[in-house]
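Enquirer: From the sequence below, what's the structure:
(chains A and B)
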Amino acid sequence: MRGKTFPVGGIHPPHFKEATEKKNVKPAQIPAKVVLPLQQHIGAPCEPLVAVGDTVKVGQKIADSKGFVSAPIHASISGKVVAIEPRPHPNGTNVMSIVIEGDGENNIWEGVKPYGNYKELSPDELRKIFREAGLVGLGGATFPTHVKITPPEGKKVETVILNGAECEPYLTADHRLMVEHPEDVVEGLRILMHVLGVEKGYIGVENNKEDAIEALKNVVGDDTSIEVVSCEVKYPQGAEKQLIKTILDREVPSGGLPLDVGVVVNNVGTAATAANILKTGMPLIERIVTITGSGVKDPQNLMVRLGTMFSDVIDQCGGFEGKPGKIIMGGPMMGLAQHNVDIPVIKGTSGILVFNAKEAKKYAPTTCIRCARCVDACPMSLMPATIANYALKDLIDVSEEYDALDCIECGCCSYVCPAKLPLVHAIRYAKAEIAARRRK
Amino acid sequence: MQLEKLIVSSSPHIRSGETVQRIMFDVVIALIPALIASIIFFGLRALLIVILTVVVCIAAEAICQKVLNKPITISDGSAIVTGILLAFNFPPTVPLYIPIVGGVLAIVVAKQIFGGLGHNPFNPALAARAFLVASWPAQMTNWINPDGSSAATPLGLMKLEGIATPYWDLFIGNIGGCLGETSALALLIGGAYLLYRGHIDWRIPVGYLGTVAVLSLIFSQDPLFYLLSGGLMLGALFMATDMVTTPITKRGRLVFGIGCGIITVLIRLFGGYPEGVSYSILLMNALTPLIDRYTKPRTFGKKVIKNA
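Expert: All right, here's what the predicted structure looks like:
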């Protein structure tokens, strides 16, 4: 079925969503221990507000930062702080983390109180609420929400778009949220529109999720200020720039932000969480995670407390199916491969994807035969093989002339490459080098 | 929990099933209709020449890589494709030492010396053919009709004697010419398969054939005759679409096709040879890096096209 989409590039990988797309989100067990890294967002890391030995309750703020671009961290279980030390983080490094041992009681912090109707709150009050609640973009980028909804002086926002495309194969967390709690998603959108003072909101959903589109449309009813847009199933439909192009036919300028074309884009999960924060007062302490892949016995969508170990979560899905070969946080196109499972679920963990040893492949790159599939697949109209080639020859200036910095790292080029070249990896290298040279 | 042997690599973690080998295999499949037509019209000797050329190409690639101490990559299938395409450029009467010399030239001189697959600036089969035509002009143009009588090609007949060949014979390939170039029908079937499989971009054959048709009209020639005769179909569908030696940008591929068309018509009309397909493609091969450079697509979010 055809829907709206972006005009250039894109690929059609298999969806692999069958295992979990019809499964309701179930609450995961409350873990006996959580590890909460002080950096789960883009921006300044937090400083702990508690000390080892302190008792904490669910929803209590335990770390914060003075930086504007940052988001505080809250206790996701009640119990005792047993350690504040560097622990393995899904980003591959060790990050200062607060470790809480649970008391098994799930005591809620006294400060957790409903905020009431958003219409009675001013935009600035709402921004402050979301900042205090530690809300960040839950699609995976984890950019602090209060910053996103604070446009700088002189920038006029006209439109809010909610991203429900969920174009990554395997992941169904957003899909289930939209099907099971469409009212939260729509309420969240109305809150964001209220904060930004805009009249028009869109929810973009890939049309392999007809039930989600249906559910959202039912909630929206005859409210003409909100439009549910059925998008073609094409990766990366949910990339911010591609989604804006699809829905509004506007191009975010190179090096710019959606704000430059009057748009703020948020993930549907972020919007629903915003609605829940107002409803219950509970800050961001849990999120929906899709646990799936050939290496998981019983794939699930679980509502997981932040800080729960990957190993705990996988155990609740029946454990490994066969020998695990690759464990990925996020989707298969942009997710991060992990060294082990002793790492916590963080704010940006949309999925835990396990490939069994048979499916997990190392690809042996051969030579580029200039087939141009990467050029045709690039949604940013770049020449990936050319950029990668220059990058690997350390001709960083030339790769910059070929607009390496405009790469959104969606991975389409590497996906289609018949020579299995790690194109996006080489372009990442070019981007990092360009950035390093600019800092000098 | 410590897990042994987890693969930790950068995203994406899934890849399409496409491989270089699969692409080359598809090109071989696409060349089979023309091979069959060649056997029908020129007999089993056509098959012998093709097999000989392919074997020489594979052997040359393996020996050359062995000598240069490089990994042997004959399993990628590219030498098979070069072998078939080169063989398709021989007349049916070709003495058998020519395919042997040609295969070595194509693989060693035109391909491996430049670094092997992906690095050669010129289409190896065409580069070898250019050498061979210069070295053995008589043997490389000793045409026969399918019935065995000696003949000139339809282009030669038209250019030198003003004799037209019936369209139907041109279309199915019942004419004198190189082994693989005569049957437009068989080549079109193969080309359609490559288009369907996504291995060639319509811009090159359409740009090429379209330009030839338009220019022949302008110069008051018969466009249908121009399209169906000589090596144009083989060139436009299989040689000018060679991935390695043609532009990677969409606009570049269109420019490449149009350029080939212009040069082909100019050679056919004003050149010393009756046919100009192989030289037109070789000349455009030389321009490929430049075309890529000046046809860089407009990057998303940039207002103007900035050439790198």
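
Enquirer: For stretch A:334-352, the averaged confidence score.
Expert: The pLDDT scores in stretch A:334-352 average 95.

Enquirer: With stretch B:110-125 instead?
Expert: Stretch B:110-125 comes out at a mean pLDDT of 96.

Enquirer: Run the chain-centre distance for it.
Expert: Centroid separation for stretch B:110-125 versus its chain: 14 Å, with CA atoms, centre = their mean, to the nearest Å.

Enquirer: can you tell me if that stretch touches chain A.
Expert: Yes: using CB under 8 Å from any CB of the partner chain, a contact is recorded between stretch B:110-125 and chain A, made by B:116-119. From N, CA and C alone the C-beta is placed, and that goes for glycine too.

Enquirer: Contacts for that stretch, please.
Expert: With contacts defined as CB atoms under 8 Å, 6 or more residues apart in numbering or on different chains, stretch B:110-125 is touched by A:367-370, A:419, B:20, B:61, B:64-65, B:68, B:70, B:73, B:76, B:78, B:82, B:85-86, B:88-89, B:106-107, B:127-128, B:239, B:242, B:244-245, B:281-282, B:285-286, B:288-289.

Enquirer: confidence score at the closest residue to A:Met178 other than its chain neighbours?
Expert: Spatial nearest neighbour of A:Met178, excluding adjacent residues (CB to CB, 6 or more residues apart in numbering or on different chains): A:Ala212 at 3.7 Å. Listed pLDDT for A:Ala212 reads 97.

Enquirer: Sketch out the low-pLDDT regions of the chain for me.
Expert: You didn't say which chain, so I picked chain A. Residues of chain A meeting the criterion pLDDT under 70: A:1.

Enquirer: wrong chain, I was asking about chain B
Expert: B:1-4, B:305-308.

Enquirer: which residue is nearest the middle of it?
Expert: B:Met239 (1.8 Å; CA atoms, centre = their mean).

Enquirer: contacting residues around whichever helix in chain A runs longest?
Expert: Ranked by residue count and defined by DSSP state H, the top helix of chain A is helix A:423-439. Contacting residues not belonging to helix A:423-439 are listed as A:374, A:384-385, A:387-392, A:394, A:396, A:399-400, A:404-405, A:407, A:409-411, A:413-414, A:417, B:10-12 [CB under 8 Å, 6+ apart].

Enquirer: Give me the ChimeraX select line for the residues you listed, limited to the buried ones.
Expert: Per 16 or more other CB atoms under 10 Å in any protein chain shown, the buried members of the contacts of helix A:423-439 correspond to this ChimeraX selection:
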select /A:374,384,385,387,388,389,390,391,396,399,400,404,405,407,409,410,411,413,414,417 /B:10,11,12
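
Enquirer: how far out from the middle of the chain is the longest helix of chain A?
Expert: Distance, stretch centre to chain centre, for helix A:423-439: 22 Å (CA atoms, centre = their mean).

Enquirer: quick one: buried residues of that helix?
Expert: Per 16+ other CB under 10 Å, helix A:423-439 contains these buried residues: A:423-431, A:433-434.

Enquirer: Return that helix as CSV; C-alpha atoms alone will do.
Expert: The C-alpha trace of helix A:423-439 is given here as CSV (Å, rounded to 0.1, in the frame of the first residue of the first chain):
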residue,chain,number,x,y,z
LEU,A,423,30.5,2.6,4.1
VAL,A,424,28.7,4.4,6.9
HIS,A,425,31.5,3.4,9.3
ALA,A,426,34.0,5.1,7.1
ILE,A,427,31.8,8.2,6.8
ARG,A,428,31.5,8.3,10.6
TYR,A,429,35.3,8.3,10.7
ALA,A,430,35.3,11.2,8.3
LYS,A,431,32.8,13.1,10.4
ALA,A,432,34.7,12.6,13.6
GLU,A,433,37.9,13.7,11.9
ILE,A,434,36.3,16.8,10.5
ALA,A,435,34.8,17.7,13.9
ALA,A,436,38.2,17.1,15.5
ARG,A,437,40.0,19.4,13.0
ARG,A,438,37.4,22.1,13.6
ARG,A,439,38.0,22.0,17.3
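
Enquirer: Break down chain B into its helices, ranges please.
Expert: According to DSSP H, the helices that chain B contains are B:20-42, B:44-67, B:78-87, B:97-104, B:124-135, B:137-140, B:154-156, B:167-172, B:184-196, B:203-218, B:223-228, B:232-234, B:250-270, B:277-294.
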